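Engineer: Fold the stuff below for me.
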Amino acid sequence: MKITTRGRYAVMALVTLAGASRGNPVSLKDISRQEAISELYLQQLFARLRRRNLVKSVRGPGGGFILARRPSEITIGEIIRAAEGKNARVGCRSSGRKCGMIERCKTQNMWDTLETRIDEFLDSITIENLFLHQAGKHREAEA
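Structural biologist: Below you'll find the model as predicted:
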């Protein structure tokens, strides 16, 4: 599975949003500043995330974005799939590629299993897990 910058930035931005929000909208400008990601790039990315119901936009003064669900309910796999626009796949059967060797390929089952395990791993981690882990690291550094 190849996860592009888009997928990585989406995860970073939503973890930042979860930490900064506390129920209040956060501007893309603030996320851009904190994560060193272009605000224009974040606008495009958040449009995808909004269409997939991961974030909600709040208009007006003090507007910005909030998570559409609790951080404990949004998985990293879900974010990456939303950002990438389609599932990045390793296995030939899943990717739709036709090499003409699928029926006799001795490695195909391994690739299919790897793909399943990657998805299971990413779906086992939530925004809350990453946010709490990061918060714990900051507390340790301050001690």
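Engineer: In a helix, residue 17, correct?
Structural biologist: Yes. The assignment for residue 17 is a helix, going by DSSP: H, G, I helix; E, B strand; the rest coil.
Engineer: right, and it touches residue 66 too?
Structural biologist: Yes. Using Cβ atoms under 8 Å, residue 17 is in contact with residue 66, at 7.5 Å. All C-beta spots, glycine's among them, are computed from the backbone N, C-alpha and C.
Engineer: anything in contact with each of the two?
Structural biologist: Shared contacts of residue 17 and residue 66 (Cβ atoms under 8 Å, 6 or more residues apart in numbering): 26, 55.
Engineer: okay, those two: which has more neighbours?
Structural biologist: A direct count of neighbours by other Cβ atoms under 10 Å for residue 17 and residue 66 places residue 17 higher, at 27 against 17.
Engineer: Can you give me every residue that contacts the more buried one?
Structural biologist: Taking Cβ under 8 Å, 6+ apart as the test, what residue 17 contacts is 26, 31, 55, 65-67.
Engineer: one more time with 6 Å, if that's ok
Structural biologist: residue 26 (Cβ atoms under 6 Å, 6 or more residues apart in numbering).
Engineer: what's the pLDDT at residue 43?
Structural biologist: Listed pLDDT for residue 43 reads 97.
Engineer: Same check on residue 100?
Structural biologist: Per-residue confidence (pLDDT) for residue 100: 66.
Engineer: and residue 70, how many neighbours does it have?
Structural biologist: Residues lying near residue 70 (other Cβ under 10 Å) number 11.
Engineer: mind checking how far the closest residue to it other than its chain neighbours is from residue 65?
Structural biologist: Leaving aside its sequence neighbours, residue 70 sits nearest to residue 128 (Cβ to Cβ, 6 or more residues apart in numbering; 7.4 Å). Here the criterion is Cβ to Cβ, to the nearest Å. By it, residue 128 lies 17 Å from residue 65.
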